[in-house]
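Student: Sequence first, then the predicted structure, then my questions.
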Amino acid sequence: MTAGVVNHEGDSSSSPENDVSGSCGDFFVPPSDLRGVFCGSGADAVSDPRIAEAVLDLVDTTTTSGTTTSASSSDAGSQKDDRHEEEEEEEPVRVLYLGTAQYDLPDSQEQQTRPFLDLNCTVSNLCVASADPPPFDELQSAVQDAHVIVVSGGNTLHALDCWRATGLDQLLCDAAERGAVITGGSAGAVCWFDAGHSDSMDPNSYRDVVLGNAKPTATTDDWDYIRVPGLAILPGLLCPHHDRVQSNGVLRGDDFDDMLRKRHSNEMGIGIDHWAAFIVEPEGRYRVLSLKDKPGSVLWDDKGNPHMCRDQTGIPGVWIKTVEPGGSAVTTTLCPWEGLIQDLLRESSGTIIEDERVEICRNENPSPIE
C-alpha cells in the first residue's frame, strides 16, 4: 500500500515519490535477532490477547542466557534429539514483567500479564521502584532467564531513572541483543527507543499520587509533554497514544508535531495509535498490528489515499514523522503495514537537544534509589 502524506497544516498528498527523509540521518540496520512488540497503550493494548499472541509468535526459547550454544557438526545430531525432547516437554515461555513505571503496583501486573498466563506462560517480576531494589546479581539472573520482557505503562522517566540507578538498563539492552522479545505499551514502548514524547510531567503520574500518599500539586490540565531519553535500542522519538487527548486537553499527535518542529527537528518521529502496535521481527523486518475493531486515526479518501483523522473514526495505525529541511513543517506518512526496518527507520542527525524540563520533572518526582 502506498503511504499517504500530510504536512503539519493538514494538506494531503498521495504521491509515493514524496521524500519524507527530512532532516534525519542514516537509515537504521537492526541486529538480525532484534524482536519486539511496541504498543500505543499500556493497560489497554498490552492486556489484549491479540498482543500476547503476537509477542509469543516471536519467541525463540533458545535465546535465554546459557541456553544458546554453538556446536560442532559431530554434536548436531545429539543437540537435535535434545531439542526434540524439549519440544515434547513443551517448556513454557518465561515472561518477566517490569512494573517500575507503575511503581510496582500488583494490579497493573495482573492486568498486563493475564493474557500470557492464559497462554500457559510463566510470569515473574522484578520490583525496582523502591529505595531497596534487588541486588544486581538477582536482576541479572531474572533478565537472562526471560524469553519475553514486558514493561508496563506509567511514568517513563521514573522507570528509566530506576533502571539506570540499578544497572538494569544495560541488562535490558543485552537481553534485546540476544533475541529476547521486548515489549510494552505507552511508557513500556517509549523506553526501548532513543526517546519518547512523554507525559511524565503529569502530576497524576507522580509516585506519591499513584500510591495514594498525596494529591496533585497542580491542576490536572497544567502540565506539558516532555522528551524523555530511552534505552536507544531502536532509533527515533516515539509518541504513544498518538490519536488520543489526555488530561491536559492536547491531542498527542499535535503536540508531537510541535515538539519535533520546534526542538527536535533532526529526529524521526514514530506515532503509534492507542490500539496499534509496531512489531519488529527477526531478520530486520517489521509489521504493524492494527486492532481494527478499535478506534484509530487512519482513514482513506475516495481515491484510496490514507489520511489522518482527529476524531478516532478510523482504524488504528502507525505514523512516521519528519521535519522538512528548514524546520517549517512536519511531514506525516502512514507507516506501511509491513516491510524492512532499514527502509523505514532513520537515525538522528547532528546534536540531540535534551529537554531541560526533564530535570524539573525529576525534582518533582524523584527516584527513591540513591
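Tutor: All right, it came through fine.

Student: Just the endpoints, please. Distance across stretch 361-370?
Tutor: End-to-end distance of stretch 361-370 (C-alpha to C-alpha, to the nearest Å): 17 Å.

Student: try stretch 212-227
Tutor: 26 Å.

Student: again, but for stretch 328-343
Tutor: End to end - C-alpha to C-alpha - stretch 328-343 spans 25 Å.

Student: pLDDT of that stretch, averaged?
Tutor: Per-residue pLDDT over stretch 328-343 has a mean of 94.

Student: switch to numbering from 2
Tutor: Sure thing, new numbering starts at 2, so read that last one as stretch 329-344.

Student: so how far is it off the chain centroid?
Tutor: 17 Å (C-alpha atoms, centre = their mean, to the nearest Å).

Student: Please identify which helix or strand holds V96.
Tutor: strand 95-99 (DSSP states H and E).

Student: Please apply the same query to R228.
Tutor: strand 227-230.

Student: Which neighbouring elements make contact with the strand holding V96?
Tutor: helix 107-119, strand 123-127, strand 149-152 (3 or more C-beta pairs under 8 Å, 6 or more residues apart in numbering; DSSP states H and E). Glycine gets a C-beta too; all of them are placed from N, C-alpha and C.

Student: Go again with 10 Å.
Tutor: helix 50-58, helix 107-119, strand 123-127, helix 137-145, strand 149-152, helix 157-167, helix 169-179, strand 182-186 (3 or more C-beta pairs under 10 Å, 6 or more residues apart in numbering; DSSP states H and E).

Student: Need the winner for burial among these.
Tutor: Neighbour counts (mean count of other C-beta atoms under 10 Å) averaged over each of the helices and strands packed on strand 95-99 peak at strand 182-186, with a mean of 29.

Student: Let's see the pLDDT reported for the residue nearest to the spatial centre of the chain.
Tutor: Residue closest to the average C-alpha location in the chain (C-alpha atoms, centre = their mean): A190, at 1.5 Å. Looking at A190, its pLDDT is 98.

Student: That one and T65: what is the separation?
Tutor: Separation of A190 from T65 (C-beta to C-beta, to the nearest Å): 23 Å.

Student: what's the helix or strand for G189?
Tutor: G189 belongs to helix 188-191, assigned by DSSP H and E.

Student: Can you name the next helix or strand after that helix?
Tutor: strand 194-199.

Student: Show the backbone phi and psi for the residue lying closest to V94 once chain neighbours are set aside.
Tutor: When the adjacent residues along the chain are set aside, V94 lies closest to C122, with 4.5 Å between them (C-beta to C-beta, 6 or more residues apart in numbering). Main-chain torsions, C122, degrees, to the nearest 10: phi -80, psi 160.

Student: Please look at C122 and R95 and confirm they touch.
Tutor: Yes - with contact defined as C-beta atoms under 10 Å, C122 counts as touching R95 (7.1 Å).

Student: about what we covered before: can you put the helices and strands packed on strand 95-99 in CSV and add distance to E360 and mean pLDDT?
Tutor: Listed next are the helices and strands packed on strand 95-99 as CSV, based on distance: least, C-beta to C-beta, whole Å; pLDDT from 0 to 100:
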stretch, distance to E360, mean pLDDT
helix 50-58, 34, 98
helix 107-119, 27, 96
strand 123-127, 27, 98
helix 137-145, 26, 98
strand 149-152, 23, 98
helix 157-167, 10, 98
helix 169-179, 18, 98
strand 182-186, 25, 98
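
Student: Minimum distance to N214: which of the ones you listed has it?
Tutor: Nearest to N214 among those is helix 157-167; the distance by C-beta to C-beta comes to 14.6 Å.

Student: what's the angle from that closest one to strand 182-186?
Tutor: 140 degrees (axes from the mean of the first three to the mean of the last three C-alpha atoms, to 10 degrees).

Student: What is helix 157-167 packed up against?
Tutor: By 3+ C-beta pairs under 10 Å, 6+ apart, helix 157-167 packs against strand 95-99, helix 137-145, helix 169-179, helix 188-191, strand 194-199, strand 227-230, helix 358-365.

Student: How far away from the center of its chain is the longest one?
Tutor: Translated: helix 169-179. Per C-alpha atoms, centre = their mean, the centroid offset for helix 169-179 relative to its chain is 15 Å.

Student: Quick check: L345 vs G43, distance?
Tutor: Distance from L345 to G43, by C-beta to C-beta: 24 Å.

Student: which one of these two has more residues nearby?
Tutor: Ranked by neighbour count (other C-beta atoms under 10 Å), L345 and G43 place G43 first, with 26 against 19.

Student: Spatially, what comes nearest to that one if we skip its sequence neighbours?
Tutor: Using C-beta to C-beta, 6+ apart, the nearest residue to G43 is G154, at 2.1 Å.
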